[in-house]
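whatever this is, show me its structure:
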Amino acid sequence: MLQNEITKENINTMVVKFYSVVLKDESVGPFFIEKLGDNLGTFLWQEHIKLLTNFWASIALGDTEYRGNPFGPHTRLQGLKRETFDQWLILFFSVVDDIYTPEVSAQFKERATIIAGNFMRNLNL
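Residues are numbered from 1 along each chain as shown. Have a look, this model is predicted:
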């Protein structure tokens, strides 16, 4: 059943599902595997999942637990291309469509598109 309300719990479900999909993707997955490994059960991944759950909760719910700089880590990644961000968006859109109603999914898609655009612009991609 698609979620028609955003909660921190279903944001966490979305984040876990998203990274499960990312790890299988040939163009986006290697960036995460290089930094965090290929097992979502590790401490590094669990910390990343918590961080990104809090990040999306701050955007969608006004939650105040997020403490981080979402852009910073991307400046240290070698080989990022516009196509990498395009594929990231395709994967993200697919996951939010699987979890949320179209109205709620659209909110996440809009925000993700803005974020990806800002990152690409700031990285000169």
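
element containing residue 90?
Element membership of residue 90 [criterion: DSSP states H and E] is helix 82-99.

show me what that helix is packed up against.
Helices and strands touching helix 82-99, by 3 or more C-beta pairs under 8 Å, 6 or more residues apart in numbering; DSSP states H and E, are helix 8-22, helix 102-122. Bear in mind the C-beta positions are built from the backbone N, C-alpha and C, glycine included.

could those helices go into TSV alongside mean pLDDT, distance to residue 89 and mean neighbour count?
Shown next, in TSV, are these (pLDDT from 0 to 100; distance: least, C-beta to C-beta, whole Å; neighbours: other C-beta atoms under 10 Å):
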stretch	mean pLDDT	distance to residue 89	mean neighbour count
helix 8-22	98	11	18
helix 102-122	97	6	15
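
got the contact list for the nearest residue to residue 97 once chain neighbours are set aside?
With C-beta to C-beta, 6 or more residues apart in numbering as the criterion, residue 97 has its nearest non-adjacent residue at 5.2 Å, and that residue is residue 105. Contacts for residue 105 (C-beta atoms under 8 Å, 6 or more residues apart in numbering) come out as 93, 96, 97, 99.

one more time with 10 Å, if that's ok
Shown in contact with residue 105 (C-beta atoms under 10 Å, 6 or more residues apart in numbering): 2, 3, 14, 93, 94, 95, 96, 97, 98, 99.

ranking those by neighbours, who comes first?
Among the contacts of residue 105, residue 14 has the most neighbours (other C-beta atoms under 10 Å), with 24 neighbours.

you'd agree residue 53 is up against residue 6?
No - with contacts counted by C-beta atoms under 10 Å, residue 53 stays clear of residue 6, the gap being 11.8 Å.
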